[in-house]
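**Student:** Sequence and predicted structure, then a few things I'm wondering about:
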Amino acid sequence: MRSYNRLILNLFLLLLIASLTFLTDATLAALSVFLSVSLNIVVFRILKPFNKFNVRREIDKTQVVPPAELTTSLKIRYEGSFPANSKVEFSCKTLNLDINTGIVVFNPRQDYNLVKSFKVTKRGLHKLSRTKVTIMDWLLISGKTFIFDDEQEILVLPHIYPFTTAAESLGAGIIGVVAPNKRGRSSEIWGIRDYQAGDEYKVISWKAMAKSPDHKPKTKIMAGEVGSAITVVLDTGKDMGVQNGEDTSLDVGADIAASLCYNFVRRGTDTGLLIFDNRLRTLVKPERGDVHIDSLLRHLAQVQPALDKFIMTSLTKTVQQLTAEYGRKLVLVLGRTDDLLLDSYIPRLALNKDLIVVIVHTEANKTRAEQIQKSAKNAGVPVVLATANTVRQTMDALEKWSYAAIARA
Amino acid sequence: MQQLRELRTYVSALATIPILIMLANPTVATSMSGFAFSFPFQFTILMLLLYIFLWGRGYFQRLGPTSELLAESTILNGPIIYPTVTVFLTNNASDFVGVLLAYLFFGVIASIYQIVLGKRLSATQKIVFFVLGYMLALITYAGSFEGQALKESFNLIRAFDHISGGLTLLGYVGSTEPLPLSGYVRIAMAIAIPSITFSALAAQVRYTEVKENPAAEAKMVTSLRPAVALLTFGGAILMLPVLGASRAIQFLPYLVTVVPALGIGIVLLIILRATQEKEE
């Protein structure tokens, strides 16, 4: 039963009891309260203040890199002729944001501005709920609720760790062979690399092939040419959901993957992304450009730990099926360490890829991570260990590997 | 005290004037003094004070639900057991009446406290305490007055006759004398009715505010005072038809409260129901 129905009926019952005692004074007192409460409800239904509210919500940024401060403003205008009570609320559960004005008395033609700033540190896609406005009668007994269709999303991107060498510097451009200011193809030969399936016939260096001891075909690297693509693989299996410092291992992994993608693309390298748990979840083809960076970061901002564990054998199979456009260089950001097949499958994956593995670990699986690192090292695969506190150092190691990988090519 | 900073506390105090007129007068004082030195009266007062002391310290809440019920019942009902036995054994009701008078007195004081300082009460609870306080004060005063007229300290049967109006329609013959202070009480009601109305409406606003935000300061939204005052005035205006109807049915004086008050109440209930259906 609605609260005001219950109240009115209770008051009427009291009026009935008082009137049956024939006590005029007590009856009139009960009647006066009964009439005033009823009048309040009738006036609310006649004046209809609920049709005279105009609410607009704005947020200054919808995509940020943490930590960032966001400001949301709520503008309410009441066009009625009599005062009205209202409360306005909206929330964002994932950001622990709960805005509730409480009951505010709006006077006719009054503007009400609520500005609220809040800090976002948590990666992900956060939904700001629709604004709910409840307009109540003068005695706050009954009310009408309106929900405005203004749901908004705030995309909090992973944290980006830039490479220590500036993108515009001469040496830095070599990841994608070319500095950003020299995009396009020219006749200038920058270097020689191994032939890859799909290379154009006219860029094969026959001279270099003849000079090489094994006489394998070589390809000329032209200044302005797009270098070999790099693909970043991120494990989003169940193990990535464990706490790692203040964040989860997946947050750490996403930060590393996002930083790599950002730095590679900013240096002109076609960069692809694989999001993988027990099977392929997302596949982004290697490309360059600001739009592509945005796409990669959006994907990484939204990844959540899966219910299933990461399966190395399944990844190996998937990687083997990738076409040449995904490049030879592969960065595997891994969280699962309890799979014994990792020791044999990492070298197997490295057979036809220039692989580096980043293991995001905690204190609990540190020994096992070191074990994997040792066995991979024996097979010639570099493994970098990362925790929430060593992301910067991990990025430095990955930067060195990136330049070395190009030199090898 | 937080409540003393609120306007509605003082307005609520005005509503207790008729109750105080009926309670604080020489007639009631004489009756009370007649029982003051009897053991059952003193024991009842002692137990009620003990109850208030323990209740104030939150002792009962700390017990489990069953133990709380048992402890409260023992303390509150204990004093009436012995006088009830004496009524059956000796046919002497003076101890019983003494205990009942103590209960009535405390009942009125508790009602006044709730009307003026009661926290977290809804409009219904506020007006219930007013009607209860009014009835208990009337019983106390009427019993004292009728008792003294019959050379007793307190007459219980005659006291209840004053609130037994509806029973007369079923054939009960009550014997009541006009009470000397009834004129003053009626005049005081002219102030008390709007006061209790304002107090009840303000209590309702505060009640909802506390429900919405329990940590908020116990203060009614200031901007709502004019609205509450306007509704109080509107309620008073709507009572004019009751006055007219009362005049029209003076040939049946006992029905003056029943027909006009309930009549307008029923009409309003129908209007509310109709507007609700239209809205839905």
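**Tutor:** Yes, it's here.
**Student:** Flag the shaky bits of chain B, pLDDT-wise.
**Tutor:** B:1-5, B:213-223, B:250-255, B:276-280 (pLDDT under 70).
**Student:** That one: helices as residue ranges?
**Tutor:** B:7-15, B:17-23, B:26-35, B:39-56, B:59-62, B:65-90, B:94-117, B:123-149, B:156-161, B:165-168, B:182-212, B:225-238, B:240-248, B:258-279 (DSSP state H).
**Student:** list the buried ones in the longest one?
**Tutor:** Across helix B:182-212, burial judged by 16 or more other Cβ atoms under 10 Å in any protein chain shown covers B:182, B:185, B:188-189, B:192-209. (Glycine included, C-beta is placed from N, CA and C.)
**Student:** Low-confidence regions, the stretch 151-300 of chain A specifically.
**Tutor:** A:166-191, A:196-199, A:221-227.
**Student:** And residue A:314, what's its pLDDT?
**Tutor:** The score at residue A:314 is 94. That number is its pLDDT.
**Student:** Revised request: answer the last question for residue A:22.
**Tutor:** Listed pLDDT for residue A:22 reads 82.
**Student:** With residue A:372 instead?
**Tutor:** For residue A:372, pLDDT reads 94.
**Student:** number of nearby residues for the nearest residue to residue B:198 once chain neighbours are set aside?
**Tutor:** The spatial neighbour of residue B:198 that comes closest, neighbours along the chain excluded (Cβ to Cβ, 6 or more residues apart in numbering or on different chains), is residue B:232 at 4.7 Å. Residue B:232 has 26 neighbouring residues, counting by other Cβ atoms under 10 Å in any protein chain shown.
**Student:** Equivalent analysis for the one 3 residues further on, please.
**Tutor:** By other Cβ under 10 Å, 25 other residues sit near residue B:235.
**Student:** Enumerate every residue touching it.
**Tutor:** A:32, A:33, A:35, A:36, A:39, B:197 (Cβ atoms under 8 Å, 6 or more residues apart in numbering or on different chains).
**Student:** who wins for most neighbours among these?
**Tutor:** With neighbours taken as other Cβ under 10 Å, the top of the contacts of residue B:235 is residue B:197, carrying 34 neighbours.
**Student:** what's the distance between the nearest residue to residue B:263 once chain neighbours are set aside and chain A?
**Tutor:** Leaving aside its sequence neighbours, residue B:263 sits nearest to residue B:245 (Cβ to Cβ, 6+ apart; 6.6 Å). Going from residue B:245 to chain A by Cβ to the nearest Cβ, to the nearest Å gives 12 Å.
**Student:** Residue B:245 - how many residues pack around it?
**Tutor:** 16.
**Student:** Would you check that it makes contact with residue B:257?
**Tutor:** No: counting by Cβ atoms under 8 Å, residue B:245 stays clear of residue B:257, with 10.7 Å between them.
**Student:** SS state for residue A:56?
**Tutor:** strand (DSSP: H, G, I helix; E, B strand; the rest coil).
**Student:** So it versus chain B, what's the distance?
**Tutor:** For residue A:56 relative to chain B (Cβ to the nearest Cβ), the value is 23 Å.
**Student:** related to what we said a few turns ago, closest to residue B:268 out of the contacts of residue B:235?
**Tutor:** Taking Cβ to Cβ as the measure, residue B:268 lies nearest residue A:35 of the contacts of residue B:235, at 7.0 Å.
**Student:** Test for you: state the pLDDT assigned to the nearest residue to residue A:229 once chain neighbours are set aside.
**Tutor:** Using Cβ to Cβ, 6+ apart and skipping the chain neighbours, the partner closest in space to residue A:229 is residue A:327 (3.1 Å). Note for residue A:327: predicted pLDDT of 88.
**Student:** re the thing from before, wait, the residue nearest to residue B:198 sits on residue B:196?
**Tutor:** No: Residue B:232 is beyond contact range of residue B:196, at 9.6 Å (criterion: Cβ under 8 Å).
**Student:** closest point of the stretch 151-280 of chain B to chain A, which residue?
**Tutor:** residue B:165 (2.5 Å; Cβ to the nearest Cβ).
**Student:** Surely that residue and residue A:23 touch.
**Tutor:** Yes: taking contacts as Cβ under 8 Å, residue B:165 lies within contact range of residue A:23: 6.9 Å.
**Student:** mind checking the SS state of the residue of the stretch 251-400 of chain A found nearest chain B?
**Tutor:** Using Cβ to the nearest Cβ, the single residue of the stretch 251-400 of chain A nearest to chain B is residue A:251, 33.9 Å away. Secondary structure, three-state DSSP: residue A:251 is helix.
**Student:** What is the burial count for it?
**Tutor:** 25.
**Student:** got a list of what the residue nearest to residue B:263 touches?
**Tutor:** Per Cβ under 8 Å, 6+ apart, neighbours of residue B:245: B:259, B:260, B:263, B:264.
**Student:** Kindly export the helix or strand residue A:16 falls within (C-alpha atoms) in PDB.
**Tutor:** Taking DSSP states H and E as the criterion, residue A:16 maps to helix A:3-20. Taking Å, rounded to 0.1, in the frame of the first residue of the first chain, the C-alpha atoms of helix A:3-20 are listed here in PDB:
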ATOM      1  CA  SER A   3       2.600   5.400   2.200                       C
ATOM      2  CA  TYR A   4       0.100   8.200   1.800                       C
ATOM      3  CA  ASN A   5      -2.900   5.800   1.500                       C
ATOM      4  CA  ARG A   6      -1.700   4.100   4.700                       C
ATOM      5  CA  LEU A   7      -1.400   7.500   6.400                       C
ATOM      6  CA  ILE A   8      -4.800   8.700   5.300                       C
ATOM      7  CA  LEU A   9      -6.500   5.500   6.400                       C
ATOM      8  CA  ASN A  10      -4.800   5.600   9.800                       C
ATOM      9  CA  LEU A  11      -5.900   9.100  10.300                       C
ATOM     10  CA  PHE A  12      -9.400   8.200   9.300                       C
ATOM     11  CA  LEU A  13      -9.400   5.300  11.800                       C
ATOM     12  CA  LEU A  14      -8.400   7.700  14.500                       C
ATOM     13  CA  LEU A  15     -11.100  10.100  13.500                       C
ATOM     14  CA  LEU A  16     -13.600   7.300  13.700                       C
ATOM     15  CA  ILE A  17     -12.500   6.300  17.200                       C
ATOM     16  CA  ALA A  18     -12.400   9.900  18.400                       C
ATOM     17  CA  SER A  19     -15.800  10.700  17.000                       C
ATOM     18  CA  LEU A  20     -17.400   7.600  18.600                       C
END
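**Student:** Residue A:384 belongs to a helix?
**Tutor:** No: counting by three-state DSSP, residue A:384 falls outside a helix, being strand.
**Student:** residues from the stretch 51-200 of chain A in reach of chain B?
**Tutor:** Applying Cβ under 8 Å from any Cβ of the partner chain, we find that the stretch 51-200 of chain A lies next to chain B at A:83, A:85, A:87, A:102, A:103, A:105, A:107, A:136, A:138, A:139, A:140, A:141.
**Student:** Could you give the bridge partners of residue A:78?
**Tutor:** Counting by DSSP bridges, residue A:78 is bridged to residue A:53, residue A:110.
**Student:** Could you give the number of residues near it?
**Tutor:** Neighbours of residue A:78 using other Cβ under 10 Å come to 24.
**Student:** so what's residue 101 up against?
**Tutor:** I went with chain A, as the question did not name one. Per Cβ under 8 Å, 6+ apart, neighbours of residue A:101: A:74, A:86, A:87, A:88, A:89, A:112, A:114.
**Student:** my bad, chain B
**Tutor:** B:31, B:32, B:35, B:41, B:140, B:143, B:154.
**Student:** Sort out which one of those residues lies nearest chain A for me.
**Tutor:** residue B:140 (14.4 Å).
**Student:** Leaving out chain neighbours, which residue sits closest to that closest one?
**Tutor:** Nearest to residue B:140 is residue B:104, by Cβ to Cβ, 6+ apart, at 4.7 Å.
**Student:** Thanks a lot, see you next time.
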